[in-house]
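1. Any chance you can model this:
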Amino acid sequence: VQLVESGGGSVQAGGSLRLSCAASRYIALTDDCMAWFRQAPGKEREAVALFDLDASTYYANSVKGRFTIAQDNAESTLWLHMNSLKPEDSAMYYCAARYGRCSWDGADFTYWGQGTQVTVSS
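-> Numbers count the residues shown, from 1 in each chain. Below is the predicted model:
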């Protein structure tokens, strides 16, 4: 079981990035909650966006209206489109998966990617 993130980088405030997470064939995106988490230095890990079994999406208040989570089952890929980026969005971003319905608690997730760094400069 593997999750591999890509798409991170450095961008100025107000810019955009698109993160992708390639899931191995052993993760059925239709049976698993997929999510993006982030963790900045010295801060706790936080859930950013969730993609639930029924295709419902949920967002942290801090990113609502700026980030969009999307999933392509045919390509086994999860996306995070990030617009109007702010310096406080700087963090390591992780893709995660768990069997069943979504949760905001990272401890409930079984599978994790290695992370991709996002840095937003002011």
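2. from the chain's centre, how far out does stretch 65-73 sit?
-> 9 Å (Cα atoms, centre = their mean, to the nearest Å).
3. what's in contact with that stretch?
-> The contact list for stretch 65-73 (Cβ atoms under 8 Å, 6 or more residues apart in numbering) reads 29-30, 34-36, 48-51, 55, 57, 59, 77-85. For glycine as for every other residue, the C-beta is placed from the backbone atoms N, C-alpha and C.
4. per-residue pLDDT, the residue nearest the centre of the chain?
-> Nearest to the geometric centre of the chain sits residue 36, at 2.1 Å (Cα atoms, centre = their mean). At residue 36, the pLDDT value in this model is 98.
5. now swap in residue 26 and tell me
-> 60.
6. now do the one 4 residues further on
-> At residue 30 the predicted local distance difference test score is 71.
7. and it, how far is that from residue 55?
-> Distance from residue 30 to residue 55, counting by Cβ to Cβ, to the nearest Å: 9 Å.
8. returning to that earlier point: in terms of helices and strands, where is the residue nearest to the centre of the chain?
-> If you go by DSSP states H and E, residue 36 is part of strand 32-39.
9. following that strand, which helix or strand shows up next?
-> Next along from strand 32-39, by DSSP H and E: strand 46-51.
10. Would you pull up how far the strand holding residue 36 lies from the middle of the chain?
-> 5 Å.
11. tally of neighbours for residue 81?
-> 16 (other Cβ atoms under 10 Å).
12. and it, what does it touch?
-> 16, 18, 67-70.
13. Just send these back as JSON lines, with distance to residue 92 and secondary structure too.
-> Putting those into JSON lines (distance: Cβ to Cβ, whole Å; DSSP: H, G, I helix; E, B strand; the rest coil) gives the following:
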{"residue": "16", "distance to residue 92": "18", "secondary structure": "coil"}
{"residue": "18", "distance to residue 92": "16", "secondary structure": "strand"}
{"residue": "67", "distance to residue 92": "16", "secondary structure": "strand"}
{"residue": "68", "distance to residue 92": "20", "secondary structure": "strand"}
{"residue": "69", "distance to residue 92": "17", "secondary structure": "strand"}
{"residue": "70", "distance to residue 92": "21", "secondary structure": "strand"}
